[in-house]
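K.L.:
what shape does this take:
(one chain, ligands or ions: 1)
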Amino acid sequence: MVYRSLHLTVALVTAGLLMGASTGMAWTTHEAEARTLTKAAALPATKLKVETLTSGLEYPWGLQFLPDGRMLVTERPGRLRIVTKDGRLSPPIAGVPQVVARQQGGLLDIALATDFATSGTIFLGYSEPREGGRNGTAVMRAKLELAADGSGKLTGGTVVFRQKPDSTGGYHFGCRIVVNADGSLFITLGDRYSLRDEAQNASNHIGKVVRITADGKPFPGNPKFNGGGRDGWAPEVWSIGHRNVQGATLDGNGVLWTTEHGAKGGDELNRTEVGLNYGWPIITHGVDYSGAKIGIGTAKNGLEQPVYYWNPSIATSGLAYYSGSLFPSWTGNFLAGGLAGTHIARLVMKDGAVVGEEKLLLDQGWRIRDVRAGPDGAVYVLTDDDKGRLLRLTPG
Ligand SMILES: [Ca+2]
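P.N.:
I've put the predicted structure just below:
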């Protein structure tokens with residue numbers, strides 16, 4: 001590792017190479033030219049039209065488009081609603097799982113199965129109550145039956161994933177769900193705050209990204225099944241060393257990108273590849289909220305550097321990849337929500353690095369919870385509030 005310009009640029013001179021023993025599959029750490037890891041060049045402001053479709057959502061968390069253009073929105077206290085294109089809310093949909101609605105927990109993300117049009121299958125991520133007052137992140141699969149009055153109900157709910165071990169805490173659930181073209185799911189899992197050292201223990205689900213099939217089996221391409229020294233990994237585990245990933249999306253090539261809450265000054269954007277270790281809590285660009293150093297520093301051979309990090313932290317939330325028609329100059333950008341940062345970071349990418357950043361909606365002071373690129377090319381946003389908004393952003 002060679003450092004230049006303090007921590008602003010880093011050159012990974014050598015990268016470890018680990019060959020998969022059984023299949024020849026390889027995991028390599030990123031080899032990168034010197035590049036900006038934080039504080040990319042500020043971009044001129046985009047002129048936006050900002051519509052508030054509704055402000056009647058209580059701490060909305062996850063947004064998903066239905067094929068007919070309506071939206072499914074979760075509310076963290078434990079409700080799921082359908083929202084029309086003009087912002088009318090359905091009554092709560094029956095059949096959602098019981099959730100632990102305290103601190104950061106509750107009903108969290110929602111996603112559609114790839115065969116939703118024929119099966120009606122959805123996935124709900126949530127904080128699941130467990131034995132003895134404990135809890136953990138879980139994902140339920142259910143069938144959404146839409147009703148003529150604009151509402152609907154869930155039937156046949158089956159839990160397809162449970163994070164283990166569980167915890168008594170109310171923090172760091174992770175819980176973004178991303179559905180791949182092959183029908184499999186990525187689920188992001190936090191370190192539960194009190195269990196952070198377990199993020200390096202690949203045999204459990206703490207501080208991990210996991211990948212499962214739509215019916216809850218470990219994804220056959222996971223490291224456990226492809227050797228390379230990953231025999232001790234839990235079969236569901238895809239990548240390790242994460243703190244609290246709450247933003248996740250596929251890019252135009254189907255590659256998973258995530259944003260993760262770091263400690264103070266260490267929120268990250270990661271290209272989240274199979275079999276890799278993203279470093280927490282051994283390396284981080286952040287420090288403890290007390291100011292104390294965490295781990296060994298900012299870099300170690302074999303542990304991934306983030307593609308980008310935020311100092312000060314923005315408290316990363318939802319993440320979208322933009323390829324729509326209404327903002328052609330944003331094609332290939334990431335849109336990263338920030339809670340404490342009260343903005344959406346629009347990140348311009350070049351050769352896998354962030355080369356420009358714009359802070360959208362900063363002047364509004366809204367805590368941003370989720371960001372999604374709509375099928376109409378507009379950007380849809382949920383704000384984190386007891387009178388949470390659903391916003392629609394179009395060119396101004
Ligand atoms: Ca990291």
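K.L.:
all helices for the stretch 1-150 of the chain, in order.
P.N.:
116-119 (DSSP state H, counting those that start in this stretch).
K.L.:
residue of it closest to the ion, please.
P.N.:
Leu37 (11.0 Å; Cβ to the ion). For the C-beta atoms, the positions are set from N, CA and C on the backbone; glycine is no exception.
K.L.:
Asn311 is in contact with that residue, correct?
P.N.:
No. Using Cβ atoms under 8 Å, Leu37 makes no contact with Asn311, being 9.9 Å away.
K.L.:
how about Leu80, nearest residue that isn't a chain neighbour?
P.N.:
Ile93 (4.5 Å; Cβ to Cβ, 6 or more residues apart in numbering).
K.L.:
separation between the one you found and Asp149?
P.N.:
12 Å (Cβ to Cβ, to the nearest Å).
K.L.:
what about these two, which has more around it?
P.N.:
Set side by side, Ile93 and Asp149 show more neighbours around Ile93, with 22 against 8, by other Cβ atoms under 10 Å.
K.L.:
dihedrals phi and psi, the more buried one?
P.N.:
Note on Ile93: its backbone torsions stand at phi -80, psi 130 [degrees, to the nearest 10].
K.L.:
equivalent analysis for Leu319, please.
P.N.:
Dihedral angles (degrees, to the nearest 10) for Leu319: phi -130, psi 130.
K.L.:
can you check the one 10 residues further on too?
P.N.:
The phi and psi torsions at Ser329 (degrees, to the nearest 10) take the values phi -70, psi -10.
K.L.:
residue boundaries of the strands in the stretch 251-396 of the chain?
P.N.:
With strands called from DSSP state E, counting those that start in this stretch, the stretch 251-396 of the chain shows them at 256-260, 267-271, 308-310, 316-321, 334-338, 343-350, 353-360, 368-373, 379-383, 388-395.
K.L.:
could I get these as a markdown table with distance to the ion, mean pLDDT and mean neighbour count?
P.N.:
Putting the strands of the stretch 251-396 of the chain into a markdown table (distance: least, Cβ to the ion, whole Å; pLDDT from 0 to 100; neighbours: other Cβ atoms under 10 Å) gives the following:
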| stretch | distance to the ion | mean pLDDT | mean neighbour count |
| --- | --- | --- | --- |
| strand 256-260 | 7 | 98 | 26 |
| strand 267-271 | 5 | 98 | 26 |
| strand 308-310 | 8 | 98 | 25 |
| strand 316-321 | 12 | 98 | 25 |
| strand 334-338 | 15 | 98 | 28 |
| strand 343-350 | 17 | 98 | 21 |
| strand 353-360 | 15 | 97 | 19 |
| strand 368-373 | 21 | 98 | 26 |
| strand 379-383 | 26 | 98 | 26 |
| strand 388-395 | 29 | 98 | 20 |
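K.L.:
in CSV: these, plus distance to Gly87.
P.N.:
As requested, the strands of the stretch 251-396 of the chain are arranged in CSV below (distance: least, Cβ to Cβ, whole Å):
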stretch, distance to Gly87
strand 256-260, 27
strand 267-271, 30
strand 308-310, 31
strand 316-321, 19
strand 334-338, 20
strand 343-350, 20
strand 353-360, 20
strand 368-373, 15
strand 379-383, 11
strand 388-395, 6
